[in-house]
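Asks: Sequence and predicted structure, then a few things I'm wondering about:
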Amino acid sequence: MSVTQQTLAVGRGLAAPRTWRKAWFGGLHGADYVWAIAFALPYAAIFLAFVVYPIAFGLWMGSDLALYEQLFTDPRYLTTVLNTLLYVVIGVNVKMFLAFLLSGFFIRKGWWIKGLMVIFILPWATPALPAYMSIHWFLNGQWGMLNNILYALFEFDGPTYLNEHWTGLASNIGAYIWKTLPFWTVILLAGRMAVPTELYEAAAVDGATGLRRFAHVTLPLMANLYLVCTLLDMVFALGDFNSTYFVSGGGPAMSTEVLATLGIRYAFTLALPRLGVAAVMSALPVLIPLVIILMRRLRPSEGQL
Amino acid sequence: MVKISRRSVLGGAIGAAAASTLARPYIANAQAKTAVYWAGQGFIPQEDAAMRKVCEDYMKESGNKLDYSLMPFMALNQKTISALTSGDVPDLIFMDAPETILPQNAWDDKVVDVTDVVAPFESQLSETAKLNSTFYNKATKKRSYYICPIKQGATPFHIWGDLVEKAGLKMEEIPKDWDGIWTYLKKTQAPLRSKGMRKIFACGLQITTVGPNDGNNLFRHFLIANGGEDILTTDGKLHTDDPKVREAAIKSVEFMTNLYKEGVVPPEALSWNDADDNNGYHEKLFVMDFDGTLSTELAMIKDQQAFYHDMKTLAPANKNDGTPMKAMVNAGGGFIPKGAKNVEVAKDFMKYFMQAKVMNENLKAGLGRWFPAIPQIVKDDPFWTSTEMPCLLPYITEGVLGPTLPLYNAYSPAWGQLEAEQLWGQANADVIKGNMKVADAVDKAFKRGNEIFARITI
Amino acid sequence: MSATTTVRRIRSPLFYSLQRLGVEALCLALGFVLVVWSLTPIYNMWKIALDSHAGIFGGSIWPEAPTLESFRVVVTQDFWYLERFWHQFGNSFIVGLSVTGLTLAIGSLASFTVGRMRLRNGWMLTNAALMTYVIPASFLAIPIYRIMQIYGLGNHLSSLILTLTTFATPYAIFIFSQYGKSIPMELDESARIDGANPLQIYIRIYLPLMAPALVAVGTYALLLAWNEYLYNFLLLSTPQSMTVAVALAQFLNSDESPWNYMMATAIIYAVPPIILYYGFRRYMAAGLTMGGVKG
């Protein structure tokens, strides 16, 4: 990676100390080593107790191959996988693209932009359950506010959104975007703000403004962050339970179910917890590559810089 | 600088780590006579108070201790399933509607046989209470009691009498037969709309595919009314090849989808959850609803006009062929998971609870939302047949005095899975949305039903 | 390049002011869309809370007879689901603050030892954190429930606190190790020459300089704990141990629910995180800037 990127990594506030890689002078010895271990212990402990053990337990629960046979013969399973893919691919990419554009908008100066940010962040700070319930009612075909507004404005009766597979799925995705767009916008905004002004000044000296500046300065510097955020959110979206569960309830006829809700449904509605774990485990072939790519991308780069 | 020794920090870190995992080591109940007891919260506060009273009374009388907690039924279901899966279980669990959880777990031999508790009361229990409490166990290869039945519930019609009158029709003129009730009541829509109720619908028909329960319950009653009650029998086999059953299913889907297509059902009904119909009914968005227990009425008990005058409760009297309609009745009660540490106290408490007097007091205090599993109680105590609460007598007539059927769940654990997949709702949706022929939609549901049943053979 | 600059120079000042006006108008339009988009579901919540029960289904766009009655009911715990509202609110605070505290402590210690002290094989810790970070939390729901029973923490606030800390800490380690790079290693070196031990360096040098990142991550952890629903619901179930998130889910328990009370509860519940967020907004941006940008 380039030097500019390293600068970027560090931000503009403090000069990059070139020595950090060397670790503490003389390395760790005796007492220091014990301290280092002691500091690492709490995390190691919760990791073993609440990550390794549950994963092992989950693997054991979902290890019976007969479960997968039962799973794959369920006609709803295929729909669920398809929904999950759409949810993850469309939901995340549309949102990240919007977040990227909006981060460019919010970096503008002006009091009302700041005020707008205050409002814009609200969905993220609102508790998920009532927010999604509110969206559920908002979309209700007969007495939901959306159709009431449509009627008041255009004398037009809107469709019953949660009655159809596609509109139902779109509603879930829309709700997920609504809830998480502010968070990612803030992250990308932070990324933009970290681009040193000197770079823009230098670009301006070269005559690069507007689109050119965007293409040659902003985009290359943001690309990595954008990619990492996208991958991360894909993983989050893969596990998202709330939006589907509360907005469409998986309906109509379980046609908008995603893996996370299907797993919970198997486990707690059908009283088949092992099948529930198996449903979730069947996402591993997609999840593991994502995890590996992400771990490479996110690793606090040893000698990569 | 403050001197902090390395040892103390190291100790602290290890301590913190250890504390995070071992903060509360599990100690088995020190007192041998304490039983851990989980029960479901009611839908009205009176039910909770009644449950607490039973526990307190029992503790006073027996000297044993119940470590009881009441929780919302969804949480109770989830905790119960997790507990049964993991084996770390309470001593006793009480559910109003254990039918979604117990068949599968009894099948897997995860619940304690309570025949010895039920036996002394067996002669007094209603047929449906007995059938709903027995399940097949794959390990012992026989059916036996796994629930100590206390309460039962049926499904009546809930009708806004004032809206029927306003539409120029009469409650007394509602026909006796199943289809007739719907056909008569759907005539309320046009007059009411012409009187300015622009958005009102006649029928709160929950042909939902979301559920989880209402849509299935509705379909079962349609099936019974059309003569298809033998779809599943005590042998645990799905009789979809019985022409009577198939014909009944086709008639049911046809009737329901026609109602929907005629526009007398809110279009949203296709994706209602189990609370949506109640909410809509309470707000008078439709004239009638067909929903389990009296919770619909009792939720409005504070509204005197509605509770005592406007809301009418109606039991479906006849099937479509004119013979008496059979009401489908469930059974709720206590069950003991395998691995319970104090089965003695749990059984002792259930014996106490199953006594007619205790059972009656508890259910009366719950305002009769559930009726007793011992039908004689209803005949002896005038509370149950008085007309003081107008909703009660029709409900008791339907669930206790008239002919009844148990839930199909008791016959095979596969039935619960079939319903959880919303096969009937799907069939309705196939006809309404997919323009499938009714017979094809029914056959499609039957085919999938048989696939599910093929996995479990008794 | 010179071509464009020449072209630009020819344009009149009027063109620029018009262009600026146009951009401003576009921004305003976009701002309007954003306000509507963000506020509509929240407005719907308010409308339901301010309305009588009938209001949800009334088909109106404004509350027909707005009343604060449902807020009174919540605040005075005048409804049976809300009998212990303030107790549960307290539980939510305990969970939120504990998760925040533990996340900050565990995360900063771990990133200090890996990033500053360069603990041998420290990469294993970082990788472990990253792995946790990228596993969807809901996927572990069933095993974690089971494991909490094994640890004897069932239905105890600490089970929820530990679970949420587990899911919040990786992000903390990630942000801290990125941010930590901006703190010159020379500071540690000189402290060590002065005879400070690692704990003293951690407390006196590392933590104060990490303040913006700590605030940012703290806010994140608190919001995560505050808004989480699935584990709240699964791990806590008695009125005594419930948090408000579970109490809200109670409204889904019955056939009939006063949604106006539920929404009023939700609105009151949403106040602390919003205050917190706005209070720390400045630090947040700073903390995330440093950590966020480097992938």
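Replies: Done, it's in. On a predicted model such as this, the values are computed, not experimentally measured, just so you know.
Asks: element containing residue 236?
Replies: In the absence of a named chain, chain A is used. Assigned by DSSP states H and E, A:F236 belongs to helix A:219-238.
Asks: okay, now the domains of chain A?
Replies: For chain A, automatic domain parsing gives the domain ranges A:26-61, A:65-298.
Asks: can you list those domains in TSV and add distance to C:M131 and mean pLDDT?
Replies: Just so you know, the C-beta spots here come from the backbone N, C-alpha and C atoms, and that holds for glycine as well. Converted to TSV, those look like this (distance: least, C-beta to C-beta, whole Å; pLDDT from 0 to 100):
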stretch	distance to C:M131	mean pLDDT
domain A:26-61	7	85
domain A:65-298	7	86
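Asks: do you know which of those domains lies nearest B:K170?
Replies: The closest of the domains of chain A to B:K170 is domain A:65-298. By C-beta to C-beta, the value is 27.8 Å.
Asks: Show me the residue at the heart of chain C, geometrically.
Replies: What sits nearest the mean C-alpha location of chain C, by C-alpha atoms, centre = their mean, is C:L223, with 2.4 Å.
Asks: For chain C, what's the nearest residue on the stretch 51-200 of chain A?
Replies: With C-beta to the nearest C-beta, the shortest gap between the stretch 51-200 of chain A and chain C falls at A:P130, namely 3.3 Å.
Asks: sorry, back to before: need the domains of chain A in CSV (columns: mean neighbour count).
Replies: Output for these, formatted as CSV (neighbours: other C-beta atoms under 10 Å in any protein chain shown):
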stretch, mean neighbour count
domain A:26-61, 19
domain A:65-298, 20
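Asks: would you list these in a markdown table and tack on distance to C:R116?
Replies: Below are the domains of chain A laid out as a markdown table (distance: least, C-beta to C-beta, whole Å):
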| stretch | distance to C:R116 |
| --- | --- |
| domain A:26-61 | 9 |
| domain A:65-298 | 19 |
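Asks: Please verify my assumption that C:L209 contacts C:K181.
Replies: No: when contacts are counted by C-beta atoms under 8 Å, C:L209 is not listed as touching C:K181 (11.5 Å).
Asks: Which residue of these two possesses the greater neighbour count?
Replies: The neighbour count for C:L209 versus C:K181, taken as other C-beta atoms under 10 Å in any protein chain shown, is higher for C:K181 (26 against 17).
Asks: Work out for me the element A:A170 sits within.
Replies: Assigned by DSSP H and E, A:A170 belongs to helix A:165-193.
Asks: just to revisit the earlier point, can you tell me which residues contact the residue of the stretch 51-200 of chain A closest to chain C?
Replies: Applying C-beta atoms under 8 Å, 6 or more residues apart in numbering or on different chains to A:P130 gives the contacts C:M45, C:L248, C:M262, C:M263, C:T265, C:A266, C:Y269.
Asks: okay but the first one is in contact with A:A131, surely?
Replies: By that I understand C:M45. Yes: at 7.2 Å, C:M45 and A:A131 qualify as touching, with contact defined as C-beta under 8 Å.
Asks: Can you check which residues contact both of the two?
Replies: Common neighbours of C:M45 and A:A131 (C-beta under 8 Å, 6+ apart) are C:A266.
Asks: Keep only those of the contacts of A:P130 that are in helices.
Replies: Among the contacts of A:P130, the residues falling in helices (DSSP state H) are C:M45, C:L248, C:M262, C:M263, C:T265, C:A266, C:Y269.
Asks: check the residues you listed against chain A, which are close?
Replies: Among the ones in helices among the contacts of A:P130, the ones lying near chain A by C-beta under 8 Å from any C-beta of the partner chain are C:M45, C:L248, C:M262, C:M263, C:T265, C:A266, C:Y269.
Asks: in chain A, which spans are strands?
Replies: Remark: no strands are assigned in chain A by DSSP state E.
Asks: so how far is A:L150 from the spatially most central residue of it?
Replies: Centrality entry for chain A: nearest residue to the mean C-alpha point is A:D233, 2.1 Å, by C-alpha atoms, centre = their mean. Separation of A:D233 from A:L150 (C-beta to C-beta, to the nearest Å): 31 Å.
Asks: Likewise for C:G107?
Replies: 47 Å.
Asks: what do you get for A:L85?
Replies: From A:L85 across to A:L150, the span is 31 Å (C-beta to C-beta).
Asks: Same check on C:Q250?
Replies: Per C-beta to C-beta, C:Q250 is found 33 Å from A:L150.
Asks: Same question for C:A213.
Replies: Taking C-beta to C-beta, one finds C:A213 at 46 Å from A:L150.
Asks: Distance across stretch B:419-435, terminal residue to terminal residue?
Replies: End-to-end distance for stretch B:419-435, by C-alpha to C-alpha, to the nearest Å: 22 Å.
Asks: mean confidence score for that stretch?
Replies: In this model, stretch B:419-435 has a mean pLDDT of 89.
Asks: Just give me how far that stretch sits from the chain centre.
Replies: Stretch B:419-435 has its C-alpha centroid displaced from the chain centroid by 21 Å (C-alpha atoms, centre = their mean, to the nearest Å).
Asks: Quick one: name the residues of the stretch 101-250 of chain B near chain C.
Replies: Within the stretch 101-250 of chain B, the positions near chain C by C-beta under 8 Å from any C-beta are B:K199.
Asks: so where do the strands sit in the stretch 101-250 of chain B?
Replies: Here the stretch 101-250 of chain B has its strands, by DSSP state E, counting those that start in this stretch, at B:134-137, B:142-145, B:148-152, B:157-160, B:201-204.
Asks: you'd agree B:L70 is in a strand?
Replies: Yes: counting by DSSP: H, G, I helix; E, B strand; the rest coil, B:L70 is found in a strand.
Asks: In stretch C:177-190, which residues are buried?
Replies: Neighbour counts over stretch C:177-190 (16 or more other C-beta atoms under 10 Å in any protein chain shown) mark C:S177, C:Q178, C:Y179, C:G180, C:K181, C:S182, C:I183, C:P184, C:M185, C:L187, C:D188, C:E189 as buried.
Asks: again, but for stretch B:45-57
Replies: Buried residues in stretch B:45-57, counted by 16+ other C-beta under 10 Å: B:Q46, B:E47, B:D48, B:A50, B:M51, B:V54, B:C55.
Asks: Check the contact between the residue nearest to the centre of chain C and A:W124; I expect there is one.
Replies: Yes: counting by C-beta under 8 Å, C:L223 touches A:W124, with 7.4 Å between them.
Asks: The ones in helices among the contacts of A:P130 into a markdown table, with extra columns for pLDDT and neighbour count?
Replies: Output for the ones in helices among the contacts of A:P130, formatted as a markdown table (pLDDT from 0 to 100; neighbours: other C-beta atoms under 10 Å in any protein chain shown):
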| residue | pLDDT | neighbour count |
| --- | --- | --- |
| C:M45 | 90 | 26 |
| C:L248 | 84 | 25 |
| C:M262 | 87 | 28 |
| C:M263 | 88 | 28 |
| C:T265 | 91 | 29 |
| C:A266 | 89 | 26 |
| C:Y269 | 90 | 25 |
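Asks: now, which of those residues sits nearest chain A?
Replies: Among those, C:A266 lies closest to chain A (C-beta to the nearest C-beta), at 3.3 Å.
Asks: Please name the residues that touch that closest one.
Replies: Taking C-beta under 8 Å, 6+ apart as the contact definition, C:A266 lies against A:T126, A:P127, A:L129, A:P130, A:A131, C:M45, C:A49, C:L248.
Asks: The nearest residue in space to the fifth one that is not next to it in sequence: neighbouring residues, count only.
Replies: With C-beta to C-beta, 6 or more residues apart in numbering or on different chains as the measure, C:P41 is the residue that lies nearest to A:A131, at 5.9 Å, once sequence neighbours are left out. Other residues within reach of C:P41, judged by other C-beta under 10 Å, total 25.
Asks: do the same with B:P382
Replies: The tally of other residues near B:P382 (other C-beta under 10 Å) stands at 9.
Asks: swap in B:G366?
Replies: B:G366 has 24 neighbours, counted by other C-beta under 10 Å.
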